[in-house]
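[1] model the structure of this input:
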Amino acid sequence: MSETSGTAGKNGFQANAWHFAALLGGNAALALGPWLVRLTDTGPVSAGFWRLLLPIPLLALLAWRARSPGRMDRRILLMVIAAGVFFAFDLASWHVGIERTRLGNATLFGNSGSVILMVWGVIAMRQAPSAKEAAAIAAAVAGGAILLGESLDISTTTLVGDLFCLLAGLFYAFYLLPAQRARATLGQWSVLLLVCVSAAPVLLAIALLLGEPVWPGAAGWKPVVALAISSQLIGQGLLVYSLKHFPPLIIGMALLTQPAIAACVGWLAFRETLTPLDVIGMALVGGALMLARTAKPLPSARSSS
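    Next up, the predicted model:
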């Protein structure tokens, strides 16, 4: 423990017990998102719309308090709007996938953006991947193949759900690229606010095009409000507070709590069982996510838009 703290200190990371609790708490809150999506009786895409719409007043207050002086650059604004559109596609694909596959699979594949970004960076650099990058790609491919095969054994519907969640991971990667660049100028809360404002109408349009019920029915507002509070306010808020205090290795390891919690919730709430082969596949994909988080960032990946 002291060794980790010393390393963190040398690299400028100043974390205490509260930061660590916030990091774990944020991941735990986000892991409950798939369960709450299933509890809502709106459509899955509509649930994403409410998740982003309801927290806007509080995010606006936080963004106003942390605002930076000066006018907003138009190019940065367009970048954040683009990030919001990709985030809307991410949530739409992920929420549809959540309804069709196991919660553990949905959480793992939905977080695959880290691996996708790393692969994109390797391709953009036009050079052979490092040993760590090659290991992450191999683990992701092997683990993903195992989980997809196991889903196909259950039903084609479950396999389709996995594919929707993988598509969500792709959209999430394209959300991260412009969002990370904009955060350096605007700050975390302003970016979160602008992403919500630009993504919510897109999600509403998709929900209406799919013919989904938008307004909550017999289940009421509790699951919808709980989703907005746990995922967008508590989950994202705690991560905004904690991430800057930790090196990528700790962040990558904490990320692995999400699929573990989601799989437990799936077993308790929906009797979703995992075979030993499922566990191996999840471990491989989880290891790939951690390796991707700790891999050295590539210049081309950072500058792409």
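[2] what residue ranges in the stretch 1-150 of the chain score low on pLDDT?
    1-14, 68-71 (pLDDT under 70).
[3] what about 80?
    Applying pLDDT under 80 to the stretch 1-150 of the chain picks out residues 1-15, 66-73, 114, 116-129.
[4] show me where it has helices.
    Along the stretch 1-150 of the chain, counting by DSSP state H, counting those that start in this stretch, helices occupy 2-10, 17-31, 33-39, 44-53, 56-65, 74-98, 103-110, 113-125, 131-154.
[5] please identify the most buried of those.
    Stretch with highest mean neighbour count among the helices of the stretch 1-150 of the chain: helix 103-110 (a mean of 29; mean count of other CB atoms under 10 Å). (Each C-beta comes from the backbone N, C-alpha and C, glycine too.)
[6] show me what contacts Leu203?
    Counting by CB atoms under 8 Å, 6 or more residues apart in numbering, Leu203 touches Val45, Ser46, Gly48, Phe49, Leu52, Ala88, Leu91, Ala92.
[7] and Ile98, how far from Thr158?
    12 Å (CB to CB, to the nearest Å).
[8] ok, Ala173 touching Gly121?
    No - applying CB atoms under 8 Å as the test, Ala173 and Gly121 come out as separate, 10.3 Å apart.
[9] skipping adjacent residues, who's closest to the residue positioned nearest the centre of the chain in space?
    What sits nearest the mean C-alpha location of the chain, by CA atoms, centre = their mean, is Asn111, with 5.0 Å. Of all residues not flanking Asn111 in the chain, Leu289 sits nearest, at 6.0 Å (CB to CB, 6 or more residues apart in numbering).
[10] pretty sure that neighbour is touching Thr257, no?
    No - when contacts are counted by CB under 8 Å, Leu289 is not listed as touching Thr257 (11.5 Å).
[11] which one's more surrounded, the two?
    More crowded of Leu289 and Thr257, by other CB atoms under 10 Å: Leu289, with 28 against 19.
[12] great, nothing more from me.
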